[in-house]
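Visitor: Quick one: sequence plus predicted model below, questions after.
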Amino acid sequence: MKSLSIQIPKACHERWEEMQPAERGRFCANCRKVVVDYTALSDKELMAVFQKTSAPGCGRFRNDQLNCFINPARQNLSGWRHWISFLAAGILGLQTVRAQSNQTNSFAERTTTPKNSLRPIIPDIPPIKSSSDTDMSWTVSGRFMRSDSAGNVSPVAQAHVTIGQTGKTWQTRTDSTGSFSLSVSGKRRITEFAIWCSNTGRLHAKTTFSASPLSPSIVLEDIVAYEPEHMRDITGGGIVLIRKPSRLKVWMRKLFQ
């Protein structure tokens, strides 16, 4: 995968907190487009988002994410591990099927059915739907707090709280004490959720939590955002992707110049 540089030639000066919330971010009335917030993403996550897109649209970034080539060399091997585990599971499953088949054949050879015996009538009973296929709701509550350079902790009021899971998102805001409560839904099984908290781009924090069907009410530990000594600037606007040329292209350019 080639390196790429994210650039915003013309920054948008509309205030993020005054934009209307949209499905993937916020709607800018000036540009008439949805602006996606990428400030909480790592380099690896940015590469995953932009490696296949040709029209990235508008986005919101930290200044340290812009105008520098992102190095894709640190990609993890989770994809390889996934396929290796998938193949291993397939091999084990095939061995299990063969073992069960051999056991069935051996049992059939040892069992004889009298010629005049009556066959039992088996009623056509519809399969019972598994409880894990049904949906359930959880009430998630917690607090969003800030910690300054001196270690003082205080609540973050009117912060945006987003909970996401497999293509679904739920949003709310904190009150004056930094507290929030939100109802989410999912399959009736142990489900992993991600939660993001942000306050006008200056403070943001991200974490995950698990929801169990045995507990419909979830109280999270305080989500703390740490204020940096120097606040990072945020830039938003139309995205331009600059992909780093290969060594061959660089050599060809030098040759014909």
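Guide: Right, received. Where do you want to start? Owing to the predicted nature of the structure, the values given are computational and were not obtained by experimental measurement.
Visitor: Is Phe193 in contact with Gln165, as I believe?
Guide: Yes - Phe193 lies in contact with Gln165 (CB atoms under 8 Å); the separation is 4.7 Å. Backbone N, C-alpha and C define where each C-beta goes, glycine included.
Visitor: Report the set of residues contacting both of those two.
Guide: Val184, Gly186 (CB atoms under 8 Å, 6 or more residues apart in numbering).
Visitor: how many other residues sit next to Cys28?
Guide: Per other CB atoms under 10 Å, the neighbour tally for Cys28 reads 22.
Visitor: Also Arg253?
Guide: 10.
Visitor: so is it in a helix, a strand, or just coil?
Guide: helix (DSSP: H, G, I helix; E, B strand; the rest coil).
Visitor: Could you do Ser198 as well?
Guide: Under three-state DSSP, Ser198 comes out as strand.
Visitor: My guess is it contacts Ile223. True?
Guide: No - with contacts counted by CB under 8 Å, Ser198 stays clear of Ile223, the gap being 10.7 Å.
Visitor: shared neighbours, those two?
Guide: Ala205.
Visitor: For this protein, which residues score under the pLDDT cut-off?
Guide: 1-2, 54-55, 71-133, 201, 228-233, 257 (pLDDT under 70).
Visitor: Kindly report the domain assignment for it.
Guide: 4-74+239-243, 135-231 (automatic domain parsing).
Visitor: beta partners for Val224?
Guide: Assessed by DSSP bridges, Val224 has beta-bridge partners Met145.
Visitor: Might you report the residue contacts of it?
Guide: Neighbours of Val224 in contact, by CB under 8 Å, 6+ apart: Met145, Arg146, Ser147, Val153, Ala205.
Visitor: which of these count as buried?
Guide: Among the contacts of Val224, those that count as buried by neighbour count (16 or more other CB atoms under 10 Å) are Met145, Arg146, Ala205.
Visitor: which among those gets closest to Leu4?
Guide: Ala205 (26.8 Å; CB to CB).
Visitor: and Val36, what helix or strand is that in?
Guide: strand 33-37 (DSSP states H and E).
Visitor: Pull the most distant pair out of the contacts of Val224.
Guide: Maximum distance among the contacts of Val224 (CB to CB): 12.7 Å, for Val153 and Ala205.
Visitor: got the phi/psi numbers for Asn63?
Guide: phi -60, psi -30 (degrees, to the nearest 10).
Visitor: what's the distance between it and Val36?
Guide: From Asn63 across to Val36, the span is 17 Å (CB to CB, to the nearest Å).
Visitor: Looking at these two, which is more packed in?
Guide: More crowded of Asn63 and Val36, by other CB under 10 Å: Val36, with 19 against 12.
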